[in-house]
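**Student:** Sharing a model that was predicted from the sequence below.
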Amino acid sequence: MFVLEKAPAKINLSLDVLYKRPDNYHEIEMVMTTIDLADRIELIGLDEDRIIIESENRFVPNDERNLAYRAARLLKTTLGIKQGVKIKIEKYIPVAAGLAGGSSDAAATLRGLNRLWSLGLTTSQLAELGSKIGSDVSFCVYNSTAVARGRGERITELKAPPACWVVLAKPVMGVSTQTVYQKLKLENVSHPDTTGMIEAIKQSDYEAMCERIGNVLESVTLKEYPEVLQIKKLMEQSGADAVLMSGSGPTVFSIVRQESRAYRIYNSLRGFCNEVYMVRMLGYHQNLD
Ligand SMILES: C[C@@](CO)(OP(=O)(O)O)[C@H](O)COP(=O)(O)OP(=O)(O)OC[C@H]1O[C@@H](n2ccc(N)nc2=O)[C@H](O)[C@@H]1O
Ligand SMILES: Nc1ncnc2c1ncn2[C@@H]1O[C@H](COP(=O)(O)OP(=O)(O)O)[C@@H](O)[C@H]1O
């Protein structure tokens with residue numbers, strides 16, 4: 001028996017940090033959506049009681065450090081499951097990029113094992129389990145558009161954003177999420193209008209969505225890594241409707257309505273950056289241009 005699951009990347013349309021909590025996490029409020037850049041997870045049932053990770057990507061650990069491994073182990077220990085699983089990860093999402101690739105692999109593993117082992121868990125039960133693996137895993141379990149609060153695990157789903165293209169560029173280095181949060185100085189940041197962003201999405205108001213885009217973590221990463229700032233400026237000059245860094249970075253994305261303009265940005269960035277992608281926000285397959 002085997003099942004296949006798609007594990008899409010996320011982008012943060014807005015990311016606000018409210019305060020640092022006593023547990024050393026930060027209280028956040030962010031609007032996120034999934035994009036059509038996805039890893040592929042294959043889960044193959046094993047009779048023996050073990051978890052095997054297979055991945056060709058040299059940046060992805062194939063032992064218990066892998067977030068998909070942790071997801072399988074968590075389900076097994078929580079529900080006392082004695083069967084094993086081989087988890088094959090075909091990696092397409094860049095690693096340590098601010099796109100939640102590892103979290104999405106963990107979430108896809110939770111969804112897929114729920115099917116493979118006929119566990120009958122609800123999405124909110126899977127999301128609650130996911131929060132024990134990482135702050136972004138709950139959102140990835142829902143696999144949609146949502147506001148995430150708390151340390152990221154309190155999810156309120158939203159309708160899909162207005163139809164548009166997303167062009168992403170990732171500079172060569174990876175960024176440590178923990179270090180970015182540690183270096184954040186909240187007294188110096190301008191906070192995004194989260195309520196306005198939620199309202200824009202509810203009203204399917206593309207212009208308002210573009211105006212409300214914002215990420216307080218840019219104040220750290222753009223300062224520490226001039227190459228990320230350079231990509232952001234290039235995208236702005238290339239005629240994007242909105243440009244933002246995703247999560248803690250270093251990936252920067254442009255939002256554009258017209259396909260022709262998305263291609264122009266994609267082509268102009270390819271000269272500067274090895275990893276450039278042009279995708280749609282998920283859920284849109286027609287009437288784009
Ligand atoms: C910044 C964001 C935005 O979506 O994404 P990425 O850039 O990682 O994709 C998330 O908040 C990242 O979520 P995730 O990567 O799952 O974080 P975790 O593994 O739980 O935590 C990594 C580290 O980040 C810090 N952290 C994380 C979440 C949070 N609300 N406050 C924090 O201070 C903590 O220092 C923690 O040790
Ligand atoms: N399945 C996985 N895919 C990618 N990275 C993983 C995975 N499991 C664990 N990791 C580790 O998690 C770290 C962060 O990866 P990732 O989720 O891609 O980044 P981000 O948190 O920036 O979105 C990587 O450095 C990698 O070593």
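**Tutor:** Structure received. What you are looking at is a predicted structure, and each value in this text was computed from that prediction instead of being measured. Numbering: from 1, shown residues only. Ligands and ions are numbered 1, 2, ... in the order given.

**Student:** And the strands in this structure?
**Tutor:** 2-20, 26-46, 51-55, 84-90, 145-149, 154-158, 165-170, 214-215, 242-245, 252-256, 275-280 (DSSP state E).

**Student:** These: which one's closest to Leu99?
**Tutor:** strand 2-20 (3.9 Å; C-beta to C-beta). No exception for glycine: its C-beta is placed from N, CA and C like everyone else's.

**Student:** Quickly run through the sheet partners of that closest one, with directions.
**Tutor:** Applying DSSP bridges to the sheet, strand 2-20 is found paired with strand 26-46 (antiparallel), strand 214-215 (parallel).

**Student:** so does it get close to ligand 2?
**Tutor:** No. On the criterion C-beta under 6 Å from any ligand atom, strand 2-20 is out of touch with ligand 2, staying 8.1 Å away.

**Student:** then that strand to PDB, C-alphas only?
**Tutor:** The C-alpha coordinates for strand 2-20 follow below in PDB (Å, rounded to 0.1, in the frame of the first residue of the first chain):
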ATOM      1  CA  PHE A   2       1.200   3.500  -0.700                       C
ATOM      2  CA  VAL A   3      -0.100   7.100  -0.900                       C
ATOM      3  CA  LEU A   4       1.100  10.200  -2.600                       C
ATOM      4  CA  GLU A   5       0.800  13.700  -1.100                       C
ATOM      5  CA  LYS A   6       1.700  17.100  -2.600                       C
ATOM      6  CA  ALA A   7       3.500  19.400  -0.100                       C
ATOM      7  CA  PRO A   8       3.200  23.000  -1.400                       C
ATOM      8  CA  ALA A   9       5.400  25.900  -0.300                       C
ATOM      9  CA  LYS A  10       3.900  28.900   1.500                       C
ATOM     10  CA  ILE A  11       4.500  32.600   1.200                       C
ATOM     11  CA  ASN A  12       3.800  35.200   3.900                       C
ATOM     12  CA  LEU A  13       1.600  38.000   2.500                       C
ATOM     13  CA  SER A  14       1.900  39.800   5.800                       C
ATOM     14  CA  LEU A  15       4.000  38.900   8.800                       C
ATOM     15  CA  ASP A  16       3.800  40.900  12.000                       C
ATOM     16  CA  VAL A  17       5.600  40.200  15.300                       C
ATOM     17  CA  LEU A  18       3.700  41.600  18.300                       C
ATOM     18  CA  TYR A  19       6.100  40.800  21.200                       C
ATOM     19  CA  LYS A  20       8.600  38.300  22.600                       C
END
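
**Student:** now the angle between strand 84-90 and it, please.
**Tutor:** 70 degrees (axes from the mean of the first three to the mean of the last three C-alpha atoms, to 10 degrees).

**Student:** Indicate whether strand 2-20 makes contact with ligand 1.
**Tutor:** Yes. Applying C-beta under 6 Å from any ligand atom, one finds that strand 2-20 is in contact with ligand 1 at 12, 15.

**Student:** list the buried ones in that strand?
**Tutor:** 3, 5-17 (16 or more other C-beta atoms under 10 Å).

**Student:** if we can go back for a sec, rebuild the strands of the chain as a markdown table, extending it with mean pLDDT.
**Tutor:** Below are those laid out as a markdown table (pLDDT from 0 to 100):
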| stretch | mean pLDDT |
| --- | --- |
| strand 2-20 | 97 |
| strand 26-46 | 97 |
| strand 51-55 | 98 |
| strand 84-90 | 98 |
| strand 145-149 | 97 |
| strand 154-158 | 96 |
| strand 165-170 | 98 |
| strand 214-215 | 98 |
| strand 242-245 | 98 |
| strand 252-256 | 98 |
| strand 275-280 | 97 |
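
**Student:** between the ones you listed, which gets nearest to Leu186?
**Tutor:** Nearest of these (C-beta to C-beta): strand 2-20, 6.4 Å.
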